[in-house]
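Participant: next comes the sequence, and after it the predicted model I'd like to discuss.
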Protein chains: 2
Amino acid sequence: MFEAVAQFIDDNVNHSIEALKKLVRIPTVAAKGEGLNETAELVEKMLQDAGLQTKIHQTTGAPVVTGWLNVSAKRTLLFYDHYDVQPAEPLELWDSPPFEPEIREGRLWGRGVADNKGDATSRIWAIKAFKETSTKLPVNIKFVIEGEEEIGSLHLPEYTEKNTDFITADGGIWEFGGAGVDGVQEAWLGLKGIFFVELEVERLSRNVHSSLACTLPSAAYRLVWALNTFRDENSRILIDGFYDNMQPLTQAELEAIEKVDLHEEEFKDIYQIDEYLNGLSGMELKKAYYGNPTCNICGITSGYQGKGSMTVLPSKASVKIDFRLVEGMHPDDIHKKLRKHLDDHGFTDVRVTYFEGYPAAKTPIDHPFVKVVEAANRRVFGDLIIHPTSPGSGPLYLFNKHVPMVSVGCSDHLGKAHSPNESISVENYRKAMHRIVAIIDEMSRW
Amino acid sequence: MFEAVAQFIDDNVNHSIEALKKLVRIPTVAAKGEGLNETAELVEKMLQDAGLQTKIHQTTGAPVVTGWLNVSAKRTLLFYDHYDVQPAEPLELWDSPPFEPEIREGRLWGRGVADNKGDATSRIWAIKAFKETSTKLPVNIKFVIEGEEEIGSLHLPEYTEKNTDFITADGGIWEFGGAGVDGVQEAWLGLKGIFFVELEVERLSRNVHSSLACTLPSAAYRLVWALNTFRDENSRILIDGFYDNMQPLTQAELEAIEKVDLHEEEFKDIYQIDEYLNGLSGMELKKAYYGNPTCNICGITSGYQGKGSMTVLPSKASVKIDFRLVEGMHPDDIHKKLRKHLDDHGFTDVRVTYFEGYPAAKTPIDHPFVKVVEAANRRVFGDLIIHPTSPGSGPLYLFNKHVPMVSVGCSDHLGKAHSPNESISVENYRKAMHRIVAIIDEMSRW
């Protein structure tokens, strides 16, 4: 099936990688508001080059780029991607500059290649292969490519709420995915929610000589004491009512994850740890991975950060925290509980800034579209491990009432998304394009 | 007395300030090991220009510059100063660049002008005034100017232990001092000790996606939990045995501080605080100021420090802490207790790096040299408030067995030592030179 399409893909891997490099060269860091419009326009051009009609939807934040090709087929396939990336810091840990993509050792290196400019490009080029070979698509195609995924898709609801018809489809491919540590492809059916906040304490008009710590209050210690009340040494979250509405994993999910191998020992080596959090292993580790919310310090800062010693009593301290939420929990509810918890514990001086937040969502594990993806994957890659949810987050809750979504992509366990030295395997990238063609084929016969 | 000397000082304030500016332009940040030799050579040249014999003593760290002029007088006056400065960060808070000194509104601005390149220069130029006017000095003069005061005078003992004859004198002027918030001059007879450490936790081989906080340990939270065990919300230090050997203030000191005005309300306005630590006021505030040790976070860092959100689980976290010590406490003892405390509380994974440390020291409040300084100050400035100790630290313990030291200088409450926008009043600087001449005069008649 689609021999010409497949040939085009293989003959044009390098052209496609060049298009991806062009996309990666724009430092589209949503957290800094950088390069958003420029990238949206480039993505629109890529969609047009693939034969799609396009529209850029303005929001209060970054624009949402959509593309579509209606071939009056029975089934419609939707792609959700994003053109923004995580900050590249700490820059000194990159072996090559994050926004100067380059190929080394069969991999493409650069910020966003794994998350998710690589996937976006591979999907657009899979569709482009139909156009370039004058092959009729057997399903209708839609793309929704947003620019704020890495900061919680803050303004995406402005688009999705007004365009429920557009985002309704028979199946959808979510933005990420790839091979696990043993090289086997993995699919993710859900995403946790997130609640990201910054907490700040300011206790003095300016930094003062640290000798005055005998009589002046410490912003940094206020923050330490507040943080200490959030999470105990067993990593139980202590915010009053935090776990109240949390839904446990279902029986079907527990049965599914029994079969999943989390490669405990391999990842212990990769992360150089003696044990997981609280010594978890086996089924207990899996339950935490798929089913637990978190309270995590993403960054903390106060006072002197340089070499050697500086004796200062800093006037300010701040921390960035992300809470991962599971089904049943809502960020607005957690926000209220966090504020109340701080006030109840005497930390009325700790300011909370709510950066991003949305709830968890999942596609049912027995949905027919899951079988479509599984069959397509088998034709290109082989086995597919199915995870009921990712421990990561994304705005799946905006889509999953309208379209069953499965996340498969071109990354792998070496990808280092959100970290320095992010990369993808060029071979996985090529095969991911073939898998999209296979999904289209399987879907047309569903 | 010494009319020609006084006239020279007044006629040459600008020349002297130019010499000081030259010294400030070298960013002699001891914490970064920057500019030490260059500055030592410039200081030696300044001493030579003032008519002193000089020697640069090499140590394992920064060189110690000495200068002397033996006029076979009965009394000998020693000056202790330092040519190193604190880091200038955060640079963005300076109104003019820290190492490009400039005069605005009657003040000289730049890193080190208040602490203590200004005092060092004023003292050298006071002696230079005798040479330039061919006036015979009535006391012998010695200078010890080191380059690691801001990092705990780590290698100064290499010099002082081998040169006890040189540092023996009838009286000494310590490096800092100046006017209080009401403009009245203040003298400091002692210094607290210090124990400065960096604590580090590393739990993962690299930063990872924060979704994995559900199964992976957090270095930042490990550090928060450890810090929480050091100091409670009433700022009581909880390290086992921390207060064991601490000597309380003496009856004579308590009587002396009864008379001192700490200008509680003015400083509340300056620091924009509603209350002092634990609501302290009056005599209780004074007792804490002169008599309490501290445990202070000078800087804490982990993970993402930039704008907006980044969802990362950082692999490392670190904190810089200074403990101010009072008489009876020793940094080596506190170091052992800190390590044991961490181990006893399960924090064997917290690495401790000992940066600097030395004990407290004081000159007796009834020493005749204190009267000499008081009388000299009265002739130039008027009243002198005498503090039994500063809440700050310095290596006084290396000197005070050999010479009674009093700290008076050219700074004031606007000086912002250790902070951005450090400055001195040019008028105070001029009068401080006159006070040195008056001390020399009073000392010759002691």
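Facilitator: Thanks, I have the structure now.
Participant: show me the strands in the stretch 1-150 of chain A, by range?
Facilitator: A:53-57, A:64-69, A:76-82, A:102-104, A:107-109, A:140-146 (DSSP state E, counting those that start in this stretch).
Participant: helices or strands up against the second one?
Facilitator: Which is strand A:64-69. helix A:36-49, strand A:53-57, strand A:140-146 (3 or more CB pairs under 8 Å, 6 or more residues apart in numbering or on different chains; DSSP states H and E). Yep, even glycine has a C-beta here, placed from its N, CA and C like the rest.
Participant: looking at these, which is closest to B:Pro90?
Facilitator: With respect to B:Pro90, and counting by CB to CB, the nearest of the helices and strands packed on strand A:64-69 is helix A:36-49 at 28.7 Å.
Participant: the closest one - what's its average pLDDT?
Facilitator: Across helix A:36-49, the average pLDDT comes to 98.
Participant: would you agree A:Gly394 is in contact with A:Trp188?
Facilitator: No. Using CB atoms under 8 Å, A:Gly394 is not in contact with A:Trp188, being 9.4 Å away.
Participant: between those two, who's got more neighbours?
Facilitator: Taking neighbours as other CB atoms under 10 Å in any protein chain shown, A:Gly394 and A:Trp188 compare with A:Gly394 leading, 28 against 25.
Participant: and the more buried one, what does it touch?
Facilitator: If a contact means CB atoms under 8 Å, 6 or more residues apart in numbering or on different chains, then A:Gly394 has A:Glu149, A:Ser153, A:Trp174, A:Glu175, A:Phe176, A:Leu191 as its contacts.
Participant: one more time with 7 Å, if that's ok
Facilitator: A:Glu149, A:Trp174, A:Glu175, A:Leu191 (CB atoms under 7 Å, 6 or more residues apart in numbering or on different chains).
Participant: same question for A:Lys287.
Facilitator: The contact partners of A:Lys287, by CB under 7 Å, 6+ apart, come to A:Leu249.
Participant: now the helix or strand hosting it: how far from the chain's centre is it?
Facilitator: A:Lys287 is part of helix A:282-291, with elements assigned from DSSP states H and E. Distance of helix A:282-291 from its chain centroid, counting by CA atoms, centre = their mean, to the nearest Å, is 20 Å.
Participant: tell me the buried residues in that helix?
Facilitator: Within helix A:282-291, the residues scored as buried using 16 or more other CB atoms under 10 Å in any protein chain shown are A:Leu285, A:Lys286, A:Lys287, A:Ala288, A:Tyr289, A:Tyr290, A:Gly291.
Participant: secondary structure element for A:Thr168?
Facilitator: A:Thr168 belongs to no helix or strand, assigned by DSSP H and E.
Participant: ok, now A:Lys336?
Facilitator: Going by DSSP H and E, A:Lys336 is part of helix A:331-344.
Participant: same for the helix or strand that that helix is followed by, what does it pack against?
Facilitator: The helix or strand immediately downstream of helix A:331-344 is strand A:351-358, counting by DSSP H and E. Here strand A:351-358 is seen to pack against strand A:193-202, helix A:331-344 when contacts are counted using 3 or more CB pairs under 7 Å, 6 or more residues apart in numbering or on different chains; DSSP states H and E.
Participant: mind giving me the packing neighbours of the longest one?
Facilitator: Counting contacts by 3+ CB pairs under 7 Å, 6+ apart, the secondary-structure elements packed against helix A:331-344 are strand A:193-202, strand A:316-325, strand A:351-358.
Participant: please identify the deepest-packed of those.
Facilitator: strand A:316-325 (a mean of 25; mean count of other CB atoms under 10 Å in any protein chain shown).
Participant: what's the average pLDDT for that strand?
Facilitator: Computed over strand A:316-325, the average pLDDT equals 98.
Participant: that strand close to chain B?
Facilitator: Yes. Using CB under 7 Å from any CB of the partner chain, we find that strand A:316-325 touches chain B at A:Lys320, A:Asp322, A:Arg324.
Participant: paired strands for that strand, with orientation please.
Facilitator: strand A:193-202 (antiparallel), strand A:296-303 (antiparallel) (DSSP bridges).
Participant: so that strand versus strand A:351-358, what angle?
Facilitator: 30 degrees (axes from the mean of the first three to the mean of the last three CA atoms, to 10 degrees).
Participant: relative orientation of strand A:316-325 and helix A:331-344 in degrees?
Facilitator: 140 degrees.
Participant: residue numbers of the stretch 51-200 of chain A in contact with chain B?
Facilitator: Residues of the stretch 51-200 of chain A lying near chain B (CB under 7 Å from any CB): A:Gln86, A:Pro87, A:Glu89, A:Ile151, A:Gly152, A:Lys192, A:Phe196.
Participant: what's the farthest-apart pair in those residues?
Facilitator: A:Glu89 and A:Lys192 (24.0 Å).
Participant: more neighbours: the two, which one.
Facilitator: For A:Glu89 versus A:Lys192, neighbours defined as other CB under 10 Å are more numerous around A:Lys192 (29 against 20).
Participant: okay, and the beta partners of that one?
Facilitator: Assessed by DSSP bridges, A:Lys192 has beta-bridge partners A:Ser393.
Participant: that one and A:Asn296, how far apart?
Facilitator: Shown here: A:Lys192 relative to A:Asn296, a distance of 12 Å by CB to CB, to the nearest Å.
Participant: same check, this time on A:Val64
Facilitator: 28 Å.
Participant: can you check A:Glu264 too?
Facilitator: With the distance defined as CB to CB, A:Glu264 ends up 20 Å from A:Asn296.
Participant: who has more neighbours out of the two?
Facilitator: More neighbours surround A:Asn296 than the other of A:Glu264 and A:Asn296, with 26 against 15 (other CB under 10 Å).
Participant: how about the more buried one, what does it touch?
Facilitator: So A:Asn296 contacts A:Ile321, A:Asp322, B:Ser210, B:Ala213, B:Ser218, B:Leu313 (CB under 7 Å, 6+ apart).
Participant: what's the closest non-adjacent residue to the third one?
Facilitator: It refers to B:Ser210. Nearest non-adjacent residue to B:Ser210, counting by CB to CB, 6 or more residues apart in numbering or on different chains: B:Thr311, 4.1 Å away.
Participant: please apply the same query to the first one.
Facilitator: On the basis of CB to CB, 6+ apart, the spatially nearest residue to A:Ile321 that is not a chain neighbour turns out to be A:Val197, at 5.5 Å.
Participant: now do the same contact list for the one you found.
Facilitator: Contacts here follow CB under 7 Å, 6+ apart; on that basis A:Val197 touches A:Ile321, A:Leu338, A:Val352, A:Thr353, A:Tyr354, A:Phe355.
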